[in-house]
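Novice: How does the following fold in three dimensions:
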Amino acid sequence: MLYASAIEWSTDKHAPGRIKHPGAALLWRAGMMREGSLLPFGQLLADRCREVFARHDSAEASLAQLGLGSCLVKNEGVFWHAAAGDVELAFCRECRWGGQADWVVGLAQTGDCSLPGPVQEVYTPGAHSIDLLREALGVEAEMVLKAMVYAWERNGQVEPIMALVLGDHTVNERRLAAALGSGTVRRATAEQVEIWTGFQPGFVGPVGQHRIMLIADLSVMQAKNLVVGANKPDYHLVNVVPGRDFLPALIAPLAKVRSGDLCPACGSALSFGPGTMVFGHQDPHWPGLLMTLALQRAHQHLAGGRTRLAPWPVVWPVDVSITLLGNEGHEIGRELGGRLSSQGMIVLLDDRPLRPGPKFADRELLGAPIQVTVGRGWADGLLEILDPVGELREVPAKDAGEEISVLWQVKITR
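Specialist: As a prediction, this is how the structure comes out:
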């Protein structure tokens with residue numbers, strides 16, 4: 001049996017402000033985690049999760065056992081779509097493919113099915129943005145090639161590069177840096193663009209550009225008849241075809257996935273929403289998994305009740321919590337806890353000399369499917385038992401052990 005007074009834990013009213021992940025904040029407040037390390041209660045929860053994964057052949061089956069059936073599985077990790085998540089997910093509702101939006105590569109829908117035309121120079125006075133260019137030429141954003149100049153710094157040297165994406169996309173700078181393999185990248189200033197290209201921003205393009213390394217997004221190479229900067233003030237080129245009119249030095253997934261992109265696994269439209277990582281690199285990422293379970297607990301609290309979101313007891317560090325209020329009933333509490341422990345239950349006895357409010361708050365944060373209170377009914381020989389589905393009952397102290405054992409049998413026969 002565990003004694004709350006003998007375990008090194010302290011629930012804080014609020015987690016430190018630097019913790020942005022709501023699951024981590026909840027684990028911190030519940031005394032399960034500090035500075036990224038698990039405390040005894042957190043370790044109990046992790047051990048229970050490990051037991052579940054040891055019983056199943058696949059991660060999906062284990063996650064289903066944990067009640068996380070809405071997880072999205074991807075080679076780089078397993079993510080859970082949760083309203084209180086800390087990262088943005090891009091995912092497919094049809095095949096459950098998905099992952100962190102910063103790294104997911106969707107399929108862009110390219111619109112021009114006509115034959116490639118000859119390159120022509122057109123006068124576009126003042127059309128230095130995608131919106132102004134659309135208005136001037138009557139084209140869709142996806143038919144405009146966006147040429148973004150970056151400063152690539154490595155080994156103490158700064159080199160200009162030009163990242164090319166379709167006009168309805170934006171450059172994902174994390175992917176751009178990953179494609180280059182080393183160094184750091186940042187947007188070039190207007191002055192740097194003019195120095196490196198000889199032209200003003202807004203009219204710079206890849207055709208005839210020999211002084212700057214070109215890096216194109218995958219979707220760019222699937223397009224044709226694009227509108228690009230003519231490297232000449234107030235002029236653009238139309239009917240430009242990548243591979244024919246310019247040749248990138250590197251082709252890589254650069255564009256941020258966005259609404260309208262398709263799932264590469266099944267071709268359905270991608271959806272977006274918050275979530276959190278459960279696993280990374282095929283190995284259990286326990287802090288992430290515990291945060292996910294904590295998020296699940298948070299959803300339960302937000303729902304305003306104890307309606308359970310996952311099978312008991314794998315998402316709880318202890319099975320039974322016994323809270324002693326006042327100075328009476330300590331002996332029966334210890335006796336009941338010892339009896340339940342001998343049956344294989346993990347029991348937490350809160351015998352700390354605190355007011356009822358903090359004890360109840362800590363109990364809810366830590367979590368236990370069966371909660372016993374030795375308090376106001378003790379004068380009549382009664383204990384309060386709150387069961388896993390939220391039903392509160394008063395039970396004679398002599399019958400409490402049997403009552404809890406019945407609830408326990410429900411658990412072990414699932």
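Novice: Could you give the number of residues near Pro248?
Specialist: Neighbour count of Pro248, defined by other C-beta atoms under 10 Å: 19. From N, CA and C alone the C-beta is placed, and that goes for glycine too.
Novice: residues touching it, list them.
Specialist: The contact partners of Pro248, taken as C-beta atoms under 8 Å, 6 or more residues apart in numbering, are 164, 206, 214-216, 220-221, 242.
Novice: Can you tell me which of the residues you listed end up in strands?
Specialist: Judged by DSSP state E, the subset of the contacts of Pro248 located in strands is 164, 214-216.
Novice: Leu354: which of those residues is nearest?
Specialist: For the ones in strands among the contacts of Pro248, the residue nearest Leu354 by C-beta to C-beta is Ile215; the value is 60.7 Å.
Novice: Confirm Leu336 sits in a helix?
Specialist: Yes: counting by DSSP: H, G, I helix; E, B strand; the rest coil, Leu336 falls inside a helix.
Novice: ok, now how distant is it from Ile322?
Specialist: As judged by C-beta to C-beta, to the nearest Å, Leu336 and Ile322 stand 6 Å apart.
Novice: Quick check: neighbours shared by the two?
Specialist: In contact with both Leu336 and Ile322: Val372, using C-beta under 8 Å, 6+ apart.
Novice: and these two? which has more neighbours close in?
Specialist: The residue with more neighbours, out of Leu336 and Ile322, is Ile322; 29 against 23, by other C-beta under 10 Å.
Novice: Surely that one and Val372 touch.
Specialist: Yes: proximity of Ile322 to Val372 meets the contact threshold set by C-beta atoms under 8 Å, at 4.5 Å.
Novice: what residues are shared contacts of the two?
Specialist: Shared contacts of Ile322 and Val372, defined by C-beta under 8 Å, 6+ apart, comprise 333, 336.
Novice: And the strands in the stretch 51-200 of the chain?
Specialist: 71-74, 77-81, 87-91, 98-100, 120-123, 145-154, 157-166, 184-187 (DSSP state E, counting those that start in this stretch).
Novice: Relative to the last one, what are the paired strands and their orientations?
Specialist: Paired neighbours of strand 184-187 in the sheet (DSSP bridges): strand 145-154 (antiparallel).
Novice: middle-most residue in the protein, spatially?
Specialist: Nearest to the geometric centre of the chain sits Thr276, at 2.4 Å (C-alpha atoms, centre = their mean).
Novice: how about that one, secondary structure?
Specialist: Thr276 - assigned by three-state DSSP - is strand.
Novice: my guess is it contacts Glu88, does it?
Specialist: No: with contact defined as C-beta under 8 Å, Thr276 does not reach Glu88; the gap is 10.8 Å.
Novice: and the residue lying closest to Gly338 once chain neighbours are set aside, how many residues sit next to it?
Specialist: By the measure of C-beta to C-beta, 6 or more residues apart in numbering, the closest residue to Gly338 outside its immediate chain neighbours is Met1, 6.0 Å from it. Number of residues near Met1 (other C-beta under 10 Å) recorded here: 18.
Novice: Point out where this protein drops to low pLDDT.
Specialist: Across the chain, the ranges flagged by pLDDT under 70 are 8-23, 36, 67-71, 73-77, 82-85, 109-114, 279-288, 295-315, 411-414.
Novice: can you give me the helices in it?
Specialist: Assigned by DSSP state H, the chain shows helices spanning 22-29, 40-54, 59-65, 130-137, 173-180, 190-197, 286-302, 330-342, 356-366, 397-412.
Novice: Pull out the buried residues from the second one.
Specialist: Meaning helix 40-54. 41-46, 48-49, 52-53 (16 or more other C-beta atoms under 10 Å).
Novice: tell me what that helix is packed against?
Specialist: helix 59-65, strand 283-284, helix 286-302 (3 or more C-beta pairs under 8 Å, 6 or more residues apart in numbering; DSSP states H and E).
Novice: mind running it again at 7 Å?
Specialist: Here helix 40-54 touches helix 59-65, helix 286-302, going by 3 or more C-beta pairs under 7 Å, 6 or more residues apart in numbering; DSSP states H and E.
Novice: ok, now the third one?
Specialist: For helix 59-65, the contact count by 3+ C-beta pairs under 7 Å, 6+ apart identifies helix 40-54 as packing neighbours.
Novice: Relative to the whole chain's centre, how far out is the helix it packs on?
Specialist: 21 Å (C-alpha atoms, centre = their mean, to the nearest Å).
Novice: tilt between it and helix 356-366?
Specialist: Interaxial angle, helix 40-54 versus helix 356-366 (axes from the mean of the first three to the mean of the last three C-alpha atoms, to 10 degrees): 30 degrees.
Novice: contacting residues around helix 40-54?
Specialist: 7, 9, 27, 30-33, 38, 62, 65-66, 284, 286, 289-290, 293, 314, 317-318, 346, 366 (C-beta atoms under 7 Å, 6 or more residues apart in numbering).
Novice: Stretch 342-352 now?
Specialist: So stretch 342-352 is contacted by 1-5, 44, 318-324, 330, 333-334, 337, 340-341, 359, 363, 368, 405, 408 (C-beta under 7 Å, 6+ apart).
Novice: Which of the residues you listed are buried? Put it as a ChimeraX command.
Specialist: Listed next is the ChimeraX selection for buried residues among the contacts of stretch 342-352, using 16+ other C-beta under 10 Å:
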select :1,2,4,44,318,319,320,321,322,323,324,333,334,337,340,341,359,363,368,408
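Novice: Any of the contacts of Pro248 buried? List them.
Specialist: 164, 206, 214-216, 220, 242.
Novice: Could you export the residues you listed as TSV, including distance to Thr184?
Specialist: Output for these, formatted as TSV (distance: C-beta to C-beta, whole Å):
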residue	distance to Thr184
Leu164	20
Pro206	23
Leu214	19
Ile215	15
Ala216	21
Val220	23
Pro242	27
